Each structure stands twice: as structure tokens, then as C-alpha cells.
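>>> Build the 3D model from these lines:
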Amino acid sequence: MAEHAFDHRKLSNRILLALGLGLAVGIILNLTASGVEWVQNFIVDGVFSVVGDIFVGFLKMLIVPLVFVSLVTGVSSLSDPGRLGRVGGKSVGLYLLTTGIAISLALAAAVLVRPGEGASPPSPVEREIAAQPPFSQVLVDMVPSNPVQSMAEADMLPIIVFAVLLGLSIAFSGRSGERVGQFFSDFNEVVMRLTGFVMLLAPYGVFALIAGLAASTGLDTFFGLAKYVVLVLVVLVLHAVVTYSLMLKLLTGLSPRIFFSKMRGVLAFAFSTASSGATIPVTLKTVEQRLGADNRVASFTVPLGATINMDGTAIMQGIAAGFIAQYYGVDLGVGQYLMIVLMVIMASVGAAGVPGVGLVLLAGVLTAVGLPAEGIGLILGVDRVLDMTRTAVNVTGDAMVTTVVAHSEGELDREIFEDQQVG
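Reported below is the predicted structural model:
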């Protein structure tokens, strides 16, 4: 997976600066000009609202091409007939299992802590939440009778199913499939570059969304946002330290302490780049030279993990969906929670390992359960810091699954793993 010519650290600084400036400007307007009609109409409801809505529109624009092309590319490459054996089955199974645990922890935390409760929207929200179909109908509707119509309507589950089937077909179509697969691989690079261009607009979108929010919202909203940030960080750490450690210990008998000690460099790199894809070379070197996994396993499982293992993103999406629903006073039903779990697990396969992709996928999740995609603006300003943290969780999961699969296949050198001088 190619790195993209964007300085993610500079972008991160710009977004954080935009967050601070937007918050400051919004609070000043809230305290000094809340009763001034032209300020409210021209600046808050005008400039801030238009710029913020345009940025949210760009995010929504990326949903279908990003998920479809990334998923076709990932499935077609991981489904090479020569590699669809035990390693492939174990890897995919473990990655989906950890993602399922992650989203379940996130939704449970959101329901128990209720980080969005107590905050009220900047203006009354007068809209009807469409009645959700029974879960059995959701399963039936996953099969796209018209994939083009599903794409036009941004109906994500049928798009994901179609992309998986198309990716498998490409993988098993010989030389014809190779040519089509190369086209999608190139197309994926173009879509990733487009995502990078859109993320360059993030500082302006963050400033407008946060300034507009701060100018028209009380302090209770920012208290709720603080609860959201802390809750996401707590669940991320809990999942990385507890879930991964338990799985490593139970499935291999290896020491989680040694594992995390040897992952320090990878975690630092992942945190600084906020990109699972950019971290692939560092992750590969670490799992092979420091954790002892054979290249025949690691060269498959690590790139696969950067494609389909998005536990940190799943945690963010689960808690964010709960936060936004509580913020707008919407009670999600059991069917909607099941929809979130299913969508996040399946959409994680199509989530590219580049910064900002989680927000794009979140827009699709919110739309699927009848929540306003504009609610992303509530969390956008703080998402960059969370993005860096969840990327570190994602690459930890990649390395853990690689270690487990290599151990189960007899392709792990325990002496290298246990040698604390190596690392």
C-alpha cells in the first residue's frame, strides 16, 4: 500500500490549531454577540454553517467510492487461491472476531456511560426518524438486487456484499481477474489521493463546525464532548491491553508484557502518522525480526490487517453513534444496535489505513440507523487525536493476530520472541 504525499503531522497540527481557534472564536461570539442578529444570521448561520456543511458534504461524497473500491481491492488481493487456506481463514476469522469484540465493548460503554446525555442541540431538531425494518429484513436486503441503485442511494450493506463478491470473483478469474484487479488497485490509489485532498480541507471544516457549535451551544455540550473523548480513550486502551493480551496468552501462551515491550516503536510510528498503511513496513520488520513470525505468514497477515482490521475505528464509531444519538435525543432500538454492529464489522474490511477514513465510514453508519450525518461535526474537532490513538490500537491488533497465526502454523521462532535483547 503506497504512502501518500501528505504530511500527516502538519495536518494534525493544523486541525488542532483550527479546533482551538474555532472554540475560542465561538465562545467569544457566544459571550459577546449572542443577541446580535446580524452576527447570528451572517456569521454563525451563514459562513460557519455553509463551510461546515460543505465539508460534511465532501465526507459523504467519499463514502461509496471509498468503501467499494477499497473493499474490492482488499478482497481480490487477499483471496489469491494459493493463500486461501488455513492462514487466510485463521487471519480473517481473528480479525473479524476482534472487531466484533471492539464494537460490542464500544456500544456497551456508550449505553452505560451515556456521554451525550444532558447536552442539547444548538437549535431544535425537527425531523422524523424513519422506522427501522426488522433485522430479518435487513439480512434479506443485504443482497443487492440492483448494485447501481444501491450505490446511487448510498445503501452501504448491499454495496459491501457486492464488493466482497466482486473481489472474490476477480481473485478466481485468472489472468482476466489480474487485469481487472490491477485496475481496481490503481483506482484505489486515486480514491486514496482524493481522500487526502478532502482531508486537507479538514482544518477549515473543523474551524467552521466548532466555531458555529461554540457560538450557539452551552458548556454542557463541551462537557459531554469531554466525556466522549475520555470514554473512547478508555475503551481503546481497555481493548488493546485486555482483549489482545488475553487472546495472545490463551492462544499461544506467550507473554503479553514482552509483546507490548517489543511493539513500542511500531506504536510510536502509528501514533505519529495516524496511518495503518504507512506503518506496514515498520510492523512487518517488528513482527519478523523482534516477534519471530516467519515472512511467509507475516507478509500476508500484516497487509491484510491494515486492510480489514479496524478495531480502533470500530470503537470510535460505536461510541460516536451512541453519543450522537443521545445528543439528539434519539433512542436507538435493538435492531439499530445490531445494524451498527453488522455495518461496522463489514465496513471495517473496506476501511483504508489512512487518516480520516473512520469519519467517512461513520457517516455511512449514522445514515444507516437514521441519525444525521451532520452530527459528525460534534466530534470532528477532537477526532484527530483519537485517530492517532486508534491507529496504534489497529497495528497492535495486526501484530497480535500475526503472532497467533504464525504460532498456530509452527512459523513462530519462540527464542526470538522471548529474547528481550531483540527489540
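>>> Could you use CA atoms for every contact and neighbour count after this?
Fine.
>>> Skip the chain neighbours and tell me the closest residue to residue 55.
Nearest in space to residue 55, with sequence neighbours left out and distances taken as C-alpha to C-alpha, 6 or more residues apart in numbering, is residue 205 at 5.4 Å.
>>> Now do the contacts for that neighbour.
Counting by C-alpha atoms under 8 Å, 6 or more residues apart in numbering, residue 205 touches 51-52, 54-56.
>>> nearest to residue 307, of those?
Closest approach to residue 307 among those (C-alpha to C-alpha): residue 56, at 24.4 Å.
>>> quick one: that closest one from residue 172, how far?
To residue 172, residue 56 is 38 Å away according to C-alpha to C-alpha, to the nearest Å.
>>> who has more neighbours, these two?
residue 56 (23 against 15; other C-alpha atoms under 10 Å).
>>> from memory that one sits against residue 375, does it?
No - counting by C-alpha atoms under 8 Å, residue 56 does not reach residue 375; the two are 9.4 Å apart.
>>> Measure how buried the nearest residue to residue 39 once chain neighbours are set aside is and give me the count.
Excluding the flanking residues, the one nearest residue 39 by C-alpha to C-alpha, 6+ apart is residue 33, at 6.8 Å. Per other C-alpha under 10 Å, the neighbour tally for residue 33 reads 15.
>>> Then residue 280?
As a burial measure, residue 280 scores 24 neighbours (other C-alpha under 10 Å).
>>> quick check: longest helix of this protein.
Identified as the longest helix of the chain according to DSSP state H is helix 376-408.
>>> What residues sit buried inside whatever helix or strand comes next after that helix?
Counting by DSSP states H and E, the next helix or strand C-terminal to helix 376-408 is helix 414-418. Across helix 414-418, burial judged by 16 or more other C-alpha atoms under 10 Å covers 416-418.
>>> now the residues you listed in CSV, with distance to residue 143?
Putting the buried residues of helix 414-418 into CSV (distance: C-alpha to C-alpha, whole Å) gives the following:
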residue, distance to residue 143
416, 47
417, 44
418, 47
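>>> Pick out the lowest-pLDDT one from these.
The pLDDT minimum for those sits at residue 418, where the score is 88.
>>> My guess is it contacts residue 258. True?
Yes - using C-alpha under 8 Å, residue 418 is in contact with residue 258, at 7.1 Å.
>>> which residues in the stretch 51-200 of the chain form helices?
86-113, 135-141, 147-152, 156-171, 174-200 (DSSP state H, counting those that start in this stretch).
>>> Most tightly packed of those helices?
helix 156-171 (a mean of 22; mean count of other C-alpha atoms under 10 Å).
>>> Would you mind getting the angle between that helix and helix 174-200?
140 degrees (axes from the mean of the first three to the mean of the last three C-alpha atoms, to 10 degrees).
>>> So which other helices or strands are in contact with helix 156-171?
Secondary-structure packing of helix 156-171 (3 or more C-alpha pairs under 8 Å, 6 or more residues apart in numbering; DSSP states H and E): helix 49-78, helix 147-152, helix 174-200, helix 334-347.
>>> Residue 339: which of the buried residues of helix 414-418 is nearest?
residue 417 (39.8 Å).
>>> Go ahead and confirm that closest one touches residue 288.
No - counting by C-alpha under 8 Å, residue 417 stays clear of residue 288, with 9.4 Å between them.
>>> could you give the mean pLDDT of stretch 180-187?
Per-region confidence: stretch 180-187 scores 89 on mean pLDDT.
>>> Can you pull out the residues in contact with it?
69, 72-73, 76-77, 170-171.
>>> Quickly name whichever of the residues you listed is closest to residue 210.
Scanning these for proximity to residue 210, where the rule is C-alpha to C-alpha, the winner is residue 69, at 31.5 Å.
>>> how about the helices of the stretch 251-400 of the chain, start to end?
In the stretch 251-400 of the chain, the helices defined using DSSP H, counting those that start in this stretch lie at 256-262, 264-273, 276-289, 295-308, 311-327, 334-347, 357-368, 376-408.
>>> show me the contacts for the residue nearest to residue 409 when sequence neighbours are not counted.
Counting by C-alpha to C-alpha, 6+ apart, residue 87 is the residue found nearest to residue 409 once chain neighbours are left out, at 7.8 Å. Contact analysis of residue 87 by C-alpha under 8 Å, 6+ apart lists 297, 405, 409.
>>> which stretches of the stretch 151-300 of the chain have low pLDDT?
156-157, 217-224, 269, 272-274, 277-278, 281 (pLDDT under 70).
>>> try 90 this time
The stretch 151-300 of the chain contains residues with pLDDT under 90 at 151-175, 177-178, 181, 184-230, 261, 263-286, 288-290, 294-300.
>>> Quick one: buried ones out of the contacts of residue 87?
By 16+ other C-alpha under 10 Å, the contacts of residue 87 give 297, 405 as buried.
>>> any idea how far residue 266 is from residue 419?
To residue 266, residue 419 is 18 Å away according to C-alpha to C-alpha.
>>> In terms of neighbours, single out the busier of those two.
Taking neighbours as other C-alpha under 10 Å, residue 419 and residue 266 compare with residue 266 leading, 24 against 13.
>>> Quick check: that one touching residue 280?
No - with contact defined as C-alpha under 8 Å, residue 266 and residue 280 do not form a contacting pair (9.2 Å).
>>> In contact with residue 170, which residues?
76, 176-178, 180-181.
>>> before we move on, back to that, can you list the contacts of residue 87 in JSON lines and add distance to residue 187?
Shown next, in JSON lines, are the contacts of residue 87 (distance: C-alpha to C-alpha, whole Å):
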{"residue": "297", "distance to residue 187": "27"}
{"residue": "405", "distance to residue 187": "31"}
{"residue": "409", "distance to residue 187": "35"}
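>>> now, which of the contacts of residue 87 sits nearest residue 212?
The closest of the contacts of residue 87, once distances to residue 212 are taken by C-alpha to C-alpha, is residue 405, at 48.8 Å.
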